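Enquirer: How does the following fold in three dimensions:
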Amino acid sequence: MAGLALDDVWVKVHKQGKQVLVAICDADLLGKEIKHGDVTIRITERFYGGFLTDIEEALRLMEEATSANLIGTKIVEAAVKRGFIHREAVVEIASIPHAMMVKV
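Expert: Predicted coordinates:
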């Protein structure tokens, strides 16, 4: 994907009633498949590929969401620094950070 900025991420907003899930991945991961043992994650356009934006906008959307699914070093680190995700809640799949957030 030529022309991506260093802080670009893909964001897709999924709404179901009052629930709002934001799925965010680092821009360079969209369309990839990662594996670790028996675990395979497909970083699909259907789930993550809504629109390309910067990390700040993605974090703003997380503030409004009831849950989030994040994958990629840039977005996960930014979410940890902003206090959305506790560092101990981050898992790595094939050395790529993944985290989920649920507001209760």
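
Enquirer: Which elements pack onto the helix or strand of the chain with the lowest mean pLDDT?
Expert: One helix or strand of the chain scores below all others by mean pLDDT, DSSP states H and E: strand 39-42, with a mean of 90. Applying 3 or more Cβ pairs under 8 Å, 6 or more residues apart in numbering; DSSP states H and E, we find strand 39-42 packed against strand 33-36. (Each C-beta comes from the backbone N, C-alpha and C, glycine too.)

Enquirer: Now the strand it packs on - C-alpha only, CSV.
Expert: Output of strand 33-36 as CSV, limited to C-alpha atoms (Å, rounded to 0.1, in the frame of the first residue of the first chain):
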residue,chain,number,x,y,z
GLU,A,33,-3.2,-13.7,7.9
ILE,A,34,-1.1,-14.3,11.0
LYS,A,35,-0.6,-17.7,12.8
HIS,A,36,0.7,-18.8,16.1
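
Enquirer: for that strand, packing partners?
Expert: Counting by 3+ Cβ pairs under 8 Å, 6+ apart, strand 33-36 packs on strand 39-42, strand 91-93.

Enquirer: re earlier: please work out which residues outside whatever helix or strand comes next after the least confident helix or strand of the chain touch it.
Expert: Under the assignment DSSP states H and E, the closest C-terminal helix or strand after strand 39-42 is helix 45-48. Helix 45-48 is contacted by residues W10, V11, K12, A23, I24, C25, L29, L30, G31, N69, I71 when judged by Cβ atoms under 8 Å, 6 or more residues apart in numbering.
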